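A.B. asks: Dropping a prediction and its sequence here:
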Amino acid sequence: MTAPPLRIGVIGYGYWGPNLVRNFGADPRTRVVAIAELSPARRQAAATAVPHIKCVADAAAVIADPGVDAVAIATPIFTHHGLAKAALEAGKHVVVEKPLAPSVAEAEELAQLAARAGRVLMVDHTFVYTSAVRKIRDLIARGELGRVLYLDSVRINLGLFQPDYNVIWDLAPHDLTIMDYVLSQTLGTTGPAFTHSSACASSAKALASAARLIRMNACDAVIAGGVDTLCAFTLAGFAALESLSATRCNPLSRNRNGINIGEGAALFLLSREPATVRLRGWGESSDGHHMSAPDPAGFGARSAMDRALSRAEVPPSEVDYVNLHGTATVQNDAMEARVIHALFRDRVAVSSTKPLTGHCLGAAGAIEAGLCWLAMQDSNTSGKLPPHLWDGVADPALPDLNVIAPGARLGHPVRCAMSNSFAFGGANATLVFCRD
């Protein structure tokens, strides 16, 4: 017996809503039974285009309609969370135009609500359904393009200008989703696949997202991390900012004068399985203080650290080691030193490992998480810590910190470690690792 078509209510009949109505109407498995649109002019347009479909002003009426099985939301971003939440609570399946919500916390809440209700919640990443993108994925999967080493995306048509959110929220999800989609078959993975692009905090945020997916029971295991390669364009950008050091970087020193750019990669397999080391807490914030300079007061950095400790249920007194973001720029080190001292005083052992690895930008968070993980293994019974390589000339303008000398040991295994990643634009991420 053929299943009856899924009855769809479309909320929003502006720029994208008509496309949803047309495509749902063309598929025999779905049928649009209601449209909600605030604008009288657009309701009139809907009545003219699809006179057989009920069109109302109130989205709540469509959500409450027992004759609606699923709701498609094509409204301004600031309405996504409230509408999707109401629809899920009413027992509807929900598809939302990207982005799902204006914050990670709201997206998390919706995902958890859908899981509890046993309803489908999805984002309409429309390009993964186009024939061109599917062909690219097929060519990669069959090996006809060879080994994929690098993906580049250039946008030549910006489409409709969206005044209520910026170009990254509006357009970047397309490019990142296409990249994930075309590679997922080659990697043999299933389930959610997405990319973080938040400069130096990217891979730390990727690990936090992986932990959230597992906590929400959306995944059993997640591969997460980061990779970044040396690039002349990036080097030129940092040179223009006068942020590069001609010698090995010198974090926390009075003589510090900039960063060394590095390259590298680190990947983790996260799951619920017992392990020696667990990612127990994570915190994220976005202070948006400046395009390239950190907030001198460090409010965003402190917020990320506090959230990570709170989620881990670990007081500052139980942290044995902090891997600093420690770029050796004048402003970053000043901000981070003040925040660390305010939270830990000079009790906790700290180091920046960027004199060892260089600043690996998008991969830095995952690489430094890996260094914490290595230091916390059973074999390190004496608690030997990643060293802080510098000239030893402390900056008198910075508060005193317990900087780790090469070969220093705690005298016991490292039980709890924190790793900081603070990016351009005020994107901040902190990870807390604990031994189980």
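C.D. replies: Thanks, I have it.
A.B. asks: after the lowest-mean-pLDDT helix or strand in the chain, next one along is what?
C.D. replies: For the chain, counting by mean pLDDT, DSSP states H and E, helix 167-187 ranks last in confidence among helices and strands (a mean of 78). Remark: after helix 167-187, the chain's next helix or strand is helix 202-215, criterion DSSP states H and E.
A.B. asks: What is the distance between that following helix and the centre of its chain?
C.D. replies: Taking C-alpha atoms, centre = their mean, to the nearest Å, one finds the center of helix 202-215 at 7 Å from the center of the full chain.
A.B. asks: Can you get me the start-to-end distance on stretch 344-351?
C.D. replies: End-to-end distance of stretch 344-351 (C-alpha to C-alpha, to the nearest Å): 14 Å.
A.B. asks: how about it: buried residues?
C.D. replies: Using 16 or more other C-beta atoms under 10 Å as the test for burial, stretch 344-351 gives 344, 348-351. (C-beta placed from N, C-alpha, C; glycine too.)
A.B. asks: Pull the residues that contact the least confident helix or strand of the chain.
C.D. replies: Helix 167-187 has contacts (C-beta atoms under 8 Å, 6 or more residues apart in numbering) with 77, 98-99, 102, 123, 125-128, 133, 136-137, 140-141, 148, 151, 153, 155, 158-159, 162, 190, 193-195, 197, 223.
A.B. asks: Can you flag which of the buried residues of stretch 344-351 belong to strands?
C.D. replies: Counting by DSSP state E, these place 349-351 in strands.
A.B. asks: so which of these comes closest to residue 91?
C.D. replies: Minimum separation from residue 91 among those (C-beta to C-beta) is found for residue 350, which lies at 50.8 Å.
A.B. asks: The nearest residue to the closest one once chain neighbours are set aside: what's it in contact with?
C.D. replies: Nearest in space to residue 350, with sequence neighbours left out and distances taken as C-beta to C-beta, 6 or more residues apart in numbering, is residue 322 at 4.6 Å. Contact partners of residue 322, counting by C-beta under 8 Å, 6+ apart, are 340, 344, 348-350, 417-420.
A.B. asks: If we use 7 Å, what do you get?
C.D. replies: 340, 348, 350, 418, 420 (C-beta atoms under 7 Å, 6 or more residues apart in numbering).
A.B. asks: can you give me how far the helix or strand where residue 33 lies is from the chain middle?
C.D. replies: Taking DSSP H and E as the definition, one finds residue 33 inside strand 30-36. Centroid displacement of strand 30-36 relative to its chain, using C-alpha atoms, centre = their mean, is 33 Å.
A.B. asks: With stretch 316-324 instead?
C.D. replies: Using C-alpha atoms, centre = their mean, the offset of stretch 316-324 from its chain centre is 24 Å.
A.B. asks: mind listing what's buried in that stretch?
C.D. replies: Within stretch 316-324, judged by 16+ other C-beta under 10 Å, the buried ones are 316, 319-324.
A.B. asks: Inside strands: which ones of those?
C.D. replies: Using DSSP E, the buried residues of stretch 316-324 in strands are 321-323.
A.B. asks: which residues touch residue 165?
C.D. replies: Applying C-beta under 7 Å, 6+ apart, we find residue 165 in contact with residue 77.
A.B. asks: please renumber so the chain begins at 36
C.D. replies: Sure, I'll start counting at 36 from here, so that last one is residue 200.
A.B. asks: rewinding a little: and of the buried residues of stretch 351-359, the nearest to residue 442?
C.D. replies: Residue 442 has its nearest neighbour among the buried residues of stretch 351-359 in residue 356, at 14.7 Å by C-beta to C-beta.
A.B. asks: My guess is the closest one contacts residue 447. True?
C.D. replies: No: taking contacts as C-beta atoms under 7 Å, residue 356 lies outside contact range of residue 447: 11.6 Å.
A.B. asks: export the buried residues of stretch 351-359 to JSON lines and tack on pLDDT and distance to residue 463?
C.D. replies: Listed next are the buried residues of stretch 351-359 as JSON lines, based on pLDDT from 0 to 100; distance: C-beta to C-beta, whole Å:
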{"residue": "351", "pLDDT": "97", "distance to residue 463": "17"}
{"residue": "354", "pLDDT": "98", "distance to residue 463": "17"}
{"residue": "355", "pLDDT": "98", "distance to residue 463": "22"}
{"residue": "356", "pLDDT": "98", "distance to residue 463": "19"}
{"residue": "357", "pLDDT": "98", "distance to residue 463": "14"}
{"residue": "358", "pLDDT": "98", "distance to residue 463": "14"}
{"residue": "359", "pLDDT": "98", "distance to residue 463": "13"}
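A.B. asks: Tabulate the residues you listed (CSV), appending distance to residue 57.
C.D. replies: Shown next, in CSV, are the buried residues of stretch 351-359 (distance: C-beta to C-beta, whole Å):
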residue, distance to residue 57
351, 56
354, 56
355, 59
356, 57
357, 55
358, 52
359, 54
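A.B. asks: how about the contacts of residue 357, which pair is most distant?
C.D. replies: That would be 383 and 455, which, of those, are the farthest apart (C-beta to C-beta) at 12.1 Å.
A.B. asks: burial count for the closest residue to residue 240 other than its chain neighbours?
C.D. replies: Sequence neighbours aside, residue 231 is the residue nearest to residue 240 in space, at 4.5 Å (criterion: C-beta to C-beta, 6+ apart). Residue 231 has 21 neighbours, counted by other C-beta atoms under 10 Å.
A.B. asks: How about the contacts made by residue 231?
C.D. replies: Residue 231 makes contact with 237, 240-241, 244, according to C-beta under 7 Å, 6+ apart.
A.B. asks: Could you do residue 385 as well?
C.D. replies: Contact analysis of residue 385 by C-beta under 7 Å, 6+ apart lists 357, 359, 375, 436-439.
A.B. asks: Let's see if you can find the most crowded of the residues you listed.
C.D. replies: residue 357 (29 neighbours).
A.B. asks: Tell me what that residue is bridged to.
C.D. replies: Judged by DSSP bridges, the bridge partners of residue 357 are residue 385, residue 453.
A.B. asks: Next, find the distance separating it from residue 438.
C.D. replies: 11 Å (C-beta to C-beta, to the nearest Å).
A.B. asks: just residue 254 next, same as before
C.D. replies: Distance, residue 254 to residue 438, by C-beta to C-beta: 39 Å.
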